[in-house]
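Enquirer: got a predicted model here, sequence first, then my questions.
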There are 10 protein chains.
Amino acid sequence: MSVAGIGPVGRPEAAEAVLDAKRRKNVSWQRIADEIGRSKVWTTAALLGQHPVSQEQARAVARLLGLDDVTAEALRLPPVRGEDSVDPTEPVVARLEEIVQVYGGAVSELIREEFGDGIMSAVDFTMDLRRSDTPEGTRVVITLDGKYLPYREF
Amino acid sequence: MSVAGIGPVGRPEAAEAVLDAKRRKNVSWQRIADEIGRSKVWTTAALLGQHPVSQEQARAVARLLGLDDVTAEALRLPPVRGEDSVDPTEPVVARLEEIVQVYGGAVSELIREEFGDGIMSAVDFTMDLRRSDTPEGTRVVITLDGKYLPYREF
Amino acid sequence: MSVAGIGPVGRPEAAEAVLDAKRRKNVSWQRIADEIGRSKVWTTAALLGQHPVSQEQARAVARLLGLDDVTAEALRLPPVRGEDSVDPTEPVVARLEEIVQVYGGAVSELIREEFGDGIMSAVDFTMDLRRSDTPEGTRVVITLDGKYLPYREF
Amino acid sequence: MSVAGIGPVGRPEAAEAVLDAKRRKNVSWQRIADEIGRSKVWTTAALLGQHPVSQEQARAVARLLGLDDVTAEALRLPPVRGEDSVDPTEPVVARLEEIVQVYGGAVSELIREEFGDGIMSAVDFTMDLRRSDTPEGTRVVITLDGKYLPYREF
Amino acid sequence: MSVAGIGPVGRPEAAEAVLDAKRRKNVSWQRIADEIGRSKVWTTAALLGQHPVSQEQARAVARLLGLDDVTAEALRLPPVRGEDSVDPTEPVVARLEEIVQVYGGAVSELIREEFGDGIMSAVDFTMDLRRSDTPEGTRVVITLDGKYLPYREF
Amino acid sequence: MSVAGIGPVGRPEAAEAVLDAKRRKNVSWQRIADEIGRSKVWTTAALLGQHPVSQEQARAVARLLGLDDVTAEALRLPPVRGEDSVDPTEPVVARLEEIVQVYGGAVSELIREEFGDGIMSAVDFTMDLRRSDTPEGTRVVITLDGKYLPYREF
Amino acid sequence: MSVAGIGPVGRPEAAEAVLDAKRRKNVSWQRIADEIGRSKVWTTAALLGQHPVSQEQARAVARLLGLDDVTAEALRLPPVRGEDSVDPTEPVVARLEEIVQVYGGAVSELIREEFGDGIMSAVDFTMDLRRSDTPEGTRVVITLDGKYLPYREF
Amino acid sequence: MSVAGIGPVGRPEAAEAVLDAKRRKNVSWQRIADEIGRSKVWTTAALLGQHPVSQEQARAVARLLGLDDVTAEALRLPPVRGEDSVDPTEPVVARLEEIVQVYGGAVSELIREEFGDGIMSAVDFTMDLRRSDTPEGTRVVITLDGKYLPYREF
Amino acid sequence: MSVAGIGPVGRPEAAEAVLDAKRRKNVSWQRIADEIGRSKVWTTAALLGQHPVSQEQARAVARLLGLDDVTAEALRLPPVRGEDSVDPTEPVVARLEEIVQVYGGAVSELIREEFGDGIMSAVDFTMDLRRSDTPEGTRVVITLDGKYLPYREF
Amino acid sequence: MSVAGIGPVGRPEAAEAVLDAKRRKNVSWQRIADEIGRSKVWTTAALLGQHPVSQEQARAVARLLGLDDVTAEALRLPPVRGEDSVDPTEPVVARLEEIVQVYGGAVSELIREEFGDGIMSAVDFTMDLRRSDTPEGTRVVITLDGKYLPYREF
């Protein structure tokens, strides 16, 4: 367990308070994102505890959702990233995992061929999620965009 | 272990033969994809053993890469999907896994809010991978596009 | 852990309250299902925390079982699906797991042969459970009914 | 590892030979089942190595598929049941596992309420799988039918 | 986690209260078993939370051990069976596990040969444990007695 | 992996040869046990590789089953005990494991109360397995008999 | 989890109270051992929860360390042995584990050769730990002394 | 897997050849140890693959046991240490593991108190194993002797 | 779980209090390190619970950060080392783990060749971490410095 | 398993051939590194299979070590990175893992404070290993040098 964020009001409790207030106030993630000038995906991930939140951002969120000061301050704690952040067997996440199973080898191969010996960064990275209504039904479209980092030869 | 594909020449051996021939002939995945009229990602995944390959497709690949008949026939075996298809600690895949860790919760939240109680299908699904050259460097852009499936209430 | 549903009164606590009230009032699952106009299996799964419950449904259940407002509201929280929902070594569940072990390969084979390259959906899905009294003894009959989803070739 | 079935030609190798011959001869599982007078599901599971096969059944299958004597004899070896029989992450099986996750608790509850303290047997058990074409699309319908066994109080 | 038995006073807490009262009153398991007219092994397992306890049995145990009403009622909750019921590395249990390792294959072989393709039921099952004083020292003698269930061919 | 027994003809291969010859010659485990003057359970476990076999015993078994010298010699190798000896998910063994789950705590409790702080040995140990035909059906009766060993206080 | 010792003041809490009092009173383990007439190793293990403590011993320890009655009584609860008793990755323990890795095979071999088919008991067992100051530095010397138990042939 | 020692004749195969020759020639570990001027424990561990063997030692062992040159050379390969060296569930080793469980916490405590913040080295380490015949029976006595290493404060 | 440090205010709670006070007072780790005359890395690790802290050090830290007496005393408890100290999937740590994966084999090889059969101590060990600003960007430079310990031949 | 490198002569077999030839020719890693103009650490990791090797490098290594063409060609296959590359319980590697346990939290803290919300790259990364002879003994000094990558806010 990362030592940061232990305690009675840490990032998980702040995330819960955000979810609770959001339900009561019936505010969308897009609306919160607009308030702090960030994208919908980054904002959702950040308020669920995966990214640091600046003082200004925390205040704006607290104002919009009516959060108390303890929660607003807790939002400013360091993020608590790691595998406990998500349940790989939750059905939505399980399908993302299955996509990595089925297509992970192809992604490795294609990056090696088209970019070289390296990786797509998960840190210098952005993500978008949008709805696409097609004649064959509604589709979820997720875009992953990460910097290519070549291995250094030394 | 999936019962299909057991034996001296199964899908893994066929995948290896494809990789070997591809290296010797210096043919790109895009070139193979063009030959069979499918996308680069689907083609790579399929030839690595993740999708069924039709007789016509197998023949076209065999012709292009100079594969023998046993390999061409093995390409037609059922796919062998499952977690052994990919090593989650291989650095490229490890970063995809980390992206699921950091953003999986946000994806669940956003699908619930914007679509309803359901999932993004990993079966009625397409993926694209492309290179994006920006002033700040080269980026890998991956698009996931899956049908939204609502849970059925009964 | 899915971030939704964390907290002092989440779906697990609501499920416990339902079970407790149900025991005290001696009400059957079928009776609750009738009250909300859903099947017995869906209703049981939903009240144990696996499906979302509408406001109307939550009110009807609360009225029937005499639940307090906090519990009724907690029933409306998002479901908390995932592998922690069930203990795979609990004897009833262990036998379902063993059935998947013994017959899972056959199901894969038969779907591939009779339907094609695809899956039986666990989302666009219904289940029924009924008692069958035969001369050789009582039997449990469970019906799984899921949409066939073919893999998309792209 | 179960000690039975170790060796150069065991049940897994026999299963592979059956699958191979079946593909070459283009024979359906239903056709094989008819030949030995058993159901399609039992036959598929048995030939994949999950059930014992009688001498008469082994001979009938060998005749139909043109299997050699070594394979026919290997079909008569004891079954090799256990978790290695199936990959729980193979997409078809993964959805069966998810169904156990989502509905396993409900099944336990309903058996307890409607039958008593006991289980649905996975041994005194039959399964059926059929196709259902509905206006909303094709569906896979699987029926599980197991004897109810009450715990003995002593 | 099985959903039944969650909460402040469930079966684990009732088991603890029984153990505590039993120590204070210095009552043997055999004595409790006599009180409810069941065997020593069933009674111990039941009060540790592995079997349902009838109202009459719960009252008799409560009377004998001086348990309060909340505990007596908690004893009547459904059992919480599963692998968390016991620590496989606790030295007494570890030796039972080792016996399964060393003799499990032999038991499978002998049941197959002497009974047929089937199992010894763990549900239609009784167990006895007794002390045997021999010239070479004291021995623990445990008898397992379960119904033979043949696999159904269908 | 225990270093003993590695190699082309070790105890596992000898066990397989015994099983194969036993099937061909249609000899029962009891018959083999009689030949070497040991019990049926010990003999089965020993020939499956769990106990050392003396030269005299190996010769008697080889004579009865018509084993070659290499196999007879391999039977004399040290036993290869450990968790790989048996698959805990094989249905017969799985029920033994479930019995340990359900009754392991009771066994610990009863040994502590009736014997003291100690264990039932799995080494100074014997086992019997027999068939019991009752009006309610056939039952498998297994007796475990191990020396009580008290913890030494020092 | 072993059922014994569940609850607000069990053996783990008693162990913590002992450690706390010992620090405040600055008493050595040897001093406590002398008080109860047992060895230093047994005493430390016992007070950490691994062995039963007699009423007389508990009183003597309570008197020496100034423990309250609840703690003294909790020391008399059954031990809670099992793998949760120790963290195999704690650096001191990790080196004991590594010693088992490097020398475990040799110990098996030497016991087999010099004693026969059997084990060194971990129950009829004593341990000593002492300091040895040598010209090359201080050394920790641990002696393990367990009864040889031969496997019983039956 | 450690990269060293991969291949057709590595340390595991050399260990097997030593065990095989030792059985045929009926030579004791002590006899081999005397031949190379090392202790019985070190020699056994080394020949099982856990320590490097010098050219002189390899030659002496080869001469004594009649090993061929390939084996003698393989003995000189780097050791292959790691958790695959030993099966923690093999009964002899399992009891060593249980000793670490029961006494590991006490060892940590006593080293901390009597030596300071540090460890007993598993590298600057020796082990002895001897037989002790007492009136109460035969005992196995193992001595572990490792350098005390204090943590460096910097 | 290591027995030391259990309880309401142990090392983890002290670490949390340090982190909290440090944030409020806006004090750097280097500043704290200077106060106690140790390096930045040792100080951070120690206050997060990985090293013992002397009375003098605890007082100095408490004075600088304004910690209460309970926390200051808790800092003096024994360290709680082990794998729970850190989440191997936290992104910063995950990359350290990946470095061990990619370069661990090389480190083993080079130590064997250049030093002999032995290890780099993790106990007689120091670490430094510094920032390096280069024309190509900012770099993190970590130095590991551990005593070489040769295996003892005995 | 990464699909690249499967087959009779892949990177693992090439690594083995390099190790074997290196031993026979008695060539140091530094010597090989000099031959290809790379550092000792990169060269060792690369030839063990962790980095791609250019045609020129493969030829130079083959010439120096006298490798055959098949091996030289195999060296040019893509690297096979992932957790199977190294055994985390091999003693040298186990100490690196322990260092990550003890200091991983401190590294996270210090990077967050001194650099910001980001990571040390394991890809844009170099490592050095050298010997340091001090009055207190020989020390291994390893330097890790990776680019700081800040999380992107979007």
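Expert: Yep, it's here. These figures come from a predicted structure and were not determined experimentally.
Enquirer: pretty sure A:M127 is in a strand, no?
Expert: Yes - the assignment for A:M127 is a strand, going by DSSP: H, G, I helix; E, B strand; the rest coil.
Enquirer: pLDDT value on it, please?
Expert: Note on A:M127: pLDDT of 98.
Enquirer: not counting residues beside it along the chain, what's closest to it?
Expert: Sequence neighbours aside, A:V41 is the residue nearest to A:M127 in space, at 4.8 Å (criterion: C-beta to C-beta, 6 or more residues apart in numbering or on different chains). Placement of C-beta: from N, CA and C, glycine included.
Enquirer: which SS class is the residue positioned nearest the centre of chain A?
Expert: Of all residues in chain A, the one closest to the mean position by C-alpha atoms, centre = their mean is A:A45, 2.9 Å from it. Three-state call for A:A45 (three-state DSSP): helix.
Enquirer: and what about the residue nearest to it when sequence neighbours are not counted, helix, strand or coil?
Expert: Spatially, and ignoring its direct neighbours in sequence, A:A45 is nearest to B:A106 (4.1 Å; C-beta to C-beta, 6+ apart). Of the three states, B:A106 takes helix according to three-state DSSP.
Enquirer: who's in contact with B:A106?
Expert: Contacts for B:A106 (C-beta atoms under 8 Å, 6 or more residues apart in numbering or on different chains) come out as A:V41, A:T44, A:A45, A:L48, A:Q50.
Enquirer: any chance of the residues you listed in CSV, with pLDDT and distance to J:I142 too?
Expert: Conversion of the contacts of B:A106 to CSV gives the following (pLDDT from 0 to 100; distance: C-beta to C-beta, whole Å):
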residue, pLDDT, distance to J:I142
A:V41, 98, 38
A:T44, 98, 40
A:A45, 98, 35
A:L48, 98, 37
A:Q50, 98, 32
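Enquirer: ok, those vs B:M127, which is closest?
Expert: Distance to B:M127 across these (C-beta to C-beta) is lowest for A:V41, with 18.0 Å.
Enquirer: against G:P79, how distant is the closest one?
Expert: 52 Å (C-beta to C-beta, to the nearest Å).
Enquirer: residue boundaries of the helices in chain A?
Expert: A:11-25, A:29-36, A:40-45, A:55-65, A:69-74, A:91-114 (DSSP state H).
Enquirer: which stretch among those comes nearest C:L110?
Expert: helix A:91-114 (21.0 Å).
Enquirer: so where is chain A shaky, pLDDT-wise?
Expert: A:1-7 (pLDDT under 70).
Enquirer: per-domain residue ranges of it.
Expert: A:11-84, A:87-150 (automatic domain parsing).
Enquirer: and of those domains, who's closest to H:R95?
Expert: Closest approach to H:R95 among these is made by domain A:11-84 (34.2 Å; C-beta to C-beta).
Enquirer: wait, A:L129 sits on A:I142?
Expert: Yes - the pair A:L129 and A:I142 passes the contact test of C-beta atoms under 8 Å, sitting 5.0 Å apart.
Enquirer: so what sits against both of these two?
Expert: Taking C-beta under 8 Å, 6+ apart as the criterion, A:L129 and A:I142 both touch B:V107.
Enquirer: near chain C, which residues of chain A are found?
Expert: A:12-13, A:15-16, A:19-20, A:48-49, A:84, A:86-87, A:89-91 (C-beta under 8 Å from any C-beta of the partner chain).
Enquirer: weed out the non-buried ones from the residues you listed.
Expert: Buried members of the residues of chain A next to chain C, counted by 16 or more other C-beta atoms under 10 Å in any protein chain shown: A:12-13, A:15-16, A:19-20, A:48-49, A:86-87, A:89-91.
Enquirer: from these, pick the one nearest D:R152.
Expert: Distance ranking of these against D:R152, using C-beta to C-beta, places A:T89 first at 34.4 Å.
Enquirer: spatially nearest residue to the closest one (excluding sequence neighbours)?
Expert: C:E83 (4.0 Å).
Enquirer: which residues does A:L149 contact?
Expert: A:G118, A:I119, A:M120, A:S121, A:D124, J:S121, J:V123, J:D124, J:L149.
Enquirer: pick the one among those closest to I:L65.
Expert: Among the contacts of A:L149, and counting by C-beta to C-beta, the member closest to I:L65 is J:L149, at 30.6 Å.
Enquirer: the residue lying closest to the closest one once chain neighbours are set aside: what's it in contact with?
Expert: Nearest residue to J:L149 in three dimensions, chain neighbours excluded: A:V123, at 4.7 Å (C-beta to C-beta, 6+ apart). By C-beta under 8 Å, 6+ apart, the contact set of A:V123 is A:G146, I:P91, J:G118, J:I119, J:L149, J:P150, J:Y151, J:R152.
Enquirer: can you count the residues close to A:D34?
Expert: Counted with other C-beta atoms under 10 Å in any protein chain shown, residues neighbouring A:D34 total 14.
Enquirer: quick check: it vs chain H, distance?
Expert: From A:D34 across to chain H, the span is 50 Å (C-beta to the nearest C-beta, to the nearest Å).
Enquirer: coming back round to it: so how far is D:A94 from the residue nearest to A:T89?
Expert: For C:E83 relative to D:A94 (C-beta to C-beta), the value is 12 Å.
Enquirer: more neighbours, these two?
Expert: Shown here are C:E83 and D:A94; by other C-beta under 10 Å, D:A94 has more neighbours (26 against 16).
Enquirer: my read: A:G118 touches A:Y151, true?
Expert: Yes - if you go by C-beta under 8 Å, A:G118 and A:Y151 touch, sitting 5.6 Å apart.
Enquirer: next, the contact list for whichever residue of chain A sits closest to chain F, please.
Expert: Relative to chain F, the nearest point of chain A is A:T89 (19.2 Å; C-beta to the nearest C-beta). For A:T89, the contact set (C-beta under 8 Å, 6+ apart) comprises C:G82, C:E83, D:E98, D:Q101.
Enquirer: how about A:P88?
Expert: Residues counted as contacts of A:P88 (C-beta under 8 Å, 6+ apart) are A:A94, A:E97, B:V100, B:G104.
Enquirer: could you work out the end-to-end span of stretch A:21-30 for me?
Expert: 15 Å (C-alpha to C-alpha, to the nearest Å).
Enquirer: ignore what I typed, I meant stretch A:77-87.
Expert: Using C-alpha to C-alpha, the end-to-end distance of stretch A:77-87 comes to 22 Å.
Enquirer: neighbours around A:G37, how many?
Expert: A:G37 has 11 nearby residues by other C-beta under 10 Å.
Enquirer: quick one, phi psi at it?
Expert: Note on A:G37: its backbone torsions stand at phi 70, psi 30 [degrees, to the nearest 10].
Enquirer: ok, now how distant is it from chain D?
Expert: To chain D, A:G37 is 38 Å away according to C-beta to the nearest C-beta.
Enquirer: ok, for the residue in chain A sticking out farthest from the centre, nearest residue in space, not its chain neighbours?
Expert: Centroid-distance maximum for chain A: A:F154 at 34.3 Å, with C-alpha atoms, centre = their mean. Counting by C-beta to C-beta, 6+ apart, J:T126 is the residue found nearest to A:F154 once chain neighbours are left out, at 4.1 Å.
Enquirer: touching, the one you found and J:W42? I think so.
Expert: Yes - using C-beta under 8 Å, J:T126 is in contact with J:W42, at 7.5 Å.
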